[in-house]
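# output the structure for:
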Amino acid sequence: MWRVIKSVLAALIGVQKNQQREEDFSSNKPLAFVVAAVTVTLIFVLVLIGIALLAAQG
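Predicted structure coming up:
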(Lines give C-alpha, C1' and ligand atoms only; values in the text may rest on other atoms or scores of the structure.)
Protein backbone atom coordinates (compact mmCIF):
# COMPACT_ATOMS: atom_id res chain seq x y z
CA MET A 1 0.00 0.00 0.00
CA TRP A 2 2.86 2.40 0.76
CA ARG A 3 4.13 1.91 -2.82
CA VAL A 4 0.76 3.02 -4.18
CA ILE A 5 0.59 6.10 -1.94
CA LYS A 6 4.19 7.02 -2.76
CA SER A 7 3.46 6.71 -6.46
CA VAL A 8 0.29 8.82 -6.22
CA LEU A 9 2.09 11.56 -4.28
CA ALA A 10 4.95 11.60 -6.79
CA ALA A 11 2.50 11.86 -9.68
CA LEU A 12 0.59 14.62 -7.88
CA ILE A 13 3.62 16.88 -7.71
CA GLY A 14 4.96 15.76 -11.09
CA VAL A 15 8.24 14.12 -10.11
CA GLN A 16 7.46 10.49 -10.87
CA LYS A 17 10.11 8.59 -12.79
CA ASN A 18 9.17 7.10 -16.14
CA GLN A 19 10.13 3.59 -15.00
CA GLN A 20 7.88 3.86 -11.94
CA ARG A 21 5.00 5.14 -14.05
CA GLU A 22 5.36 2.20 -16.43
CA GLU A 23 5.36 -0.23 -13.50
CA ASP A 24 2.22 1.43 -12.13
CA PHE A 25 0.39 1.12 -15.46
CA SER A 26 1.37 -2.53 -15.77
CA SER A 27 -0.03 -3.25 -12.31
CA ASN A 28 -2.99 -5.58 -12.07
CA LYS A 29 -4.55 -3.42 -9.33
CA PRO A 30 -5.68 -0.12 -10.88
CA LEU A 31 -8.43 0.24 -8.28
CA ALA A 32 -5.82 0.74 -5.54
CA PHE A 33 -4.33 3.66 -7.48
CA VAL A 34 -7.75 5.20 -8.11
CA VAL A 35 -8.77 4.97 -4.45
CA ALA A 36 -5.42 6.34 -3.28
CA ALA A 37 -5.55 9.21 -5.77
CA VAL A 38 -9.08 10.20 -4.76
CA THR A 39 -8.17 10.00 -1.07
CA VAL A 40 -4.98 12.04 -1.44
CA THR A 41 -6.78 14.65 -3.53
CA LEU A 42 -9.60 14.91 -1.00
CA ILE A 43 -7.13 15.36 1.87
CA PHE A 44 -5.26 18.01 -0.14
CA VAL A 45 -8.44 19.97 -0.83
CA LEU A 46 -9.55 19.76 2.82
CA VAL A 47 -6.15 21.05 3.96
CA LEU A 48 -6.42 23.97 1.54
CA ILE A 49 -9.92 24.77 2.81
CA GLY A 50 -8.66 24.62 6.40
CA ILE A 51 -5.81 26.99 5.62
CA ALA A 52 -8.19 29.39 3.87
CA LEU A 53 -10.57 29.36 6.84
CA LEU A 54 -7.70 30.00 9.27
CA ALA A 55 -6.46 32.88 7.13
CA ALA A 56 -9.95 34.37 6.94
CA GLN A 57 -10.23 34.41 10.75
CA GLY A 58 -6.92 36.21 11.22
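
# quick check: Phe33 touching Leu9?
No: taking contact to mean CB atoms under 8 Å, the distance of 11.7 Å between Phe33 and Leu9 leaves them out of contact. Using the backbone N, CA and C atoms, a C-beta is placed for each residue, glycine as well.

# and the least confident helix or strand in the chain by mean pLDDT, what does it pack against?
Evaluated with mean pLDDT, DSSP states H and E, the helix-and-strand set of the chain has its lowest mean pLDDT in helix 18-25, which scores a mean of 80. When contacts are defined as 3 or more CB pairs under 8 Å, 6 or more residues apart in numbering; DSSP states H and E, helix 18-25 packs onto helix 2-13.

# what packs against the helix it packs on?
For helix 2-13, the elements it packs on are helix 18-25, helix 30-57, judged by 3+ CB pairs under 8 Å, 6+ apart.

# let me have these in JSON lines, extended by distance to Val4.
As requested, these are exported to JSON lines (distance: least, CB to CB, whole Å):
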{"stretch": "helix 18-25", "distance to Val4": "8"}
{"stretch": "helix 30-57", "distance to Val4": "5"}
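
# what's the closest of the ones you listed to Trp2?
Minimum separation from Trp2 across the helices and strands packed on helix 2-13 (CB to CB) falls at helix 30-57, 10.2 Å.

# would you mark the buried spots in the closest one?
By neighbour count on 16 or more other CB atoms under 10 Å, the buried set for helix 30-57 is Ala32, Phe33, Ala36, Ala37, Val40.

# same for it, what does it pack against?
Applying 3+ CB pairs under 8 Å, 6+ apart, we find helix 30-57 packed against helix 2-13.
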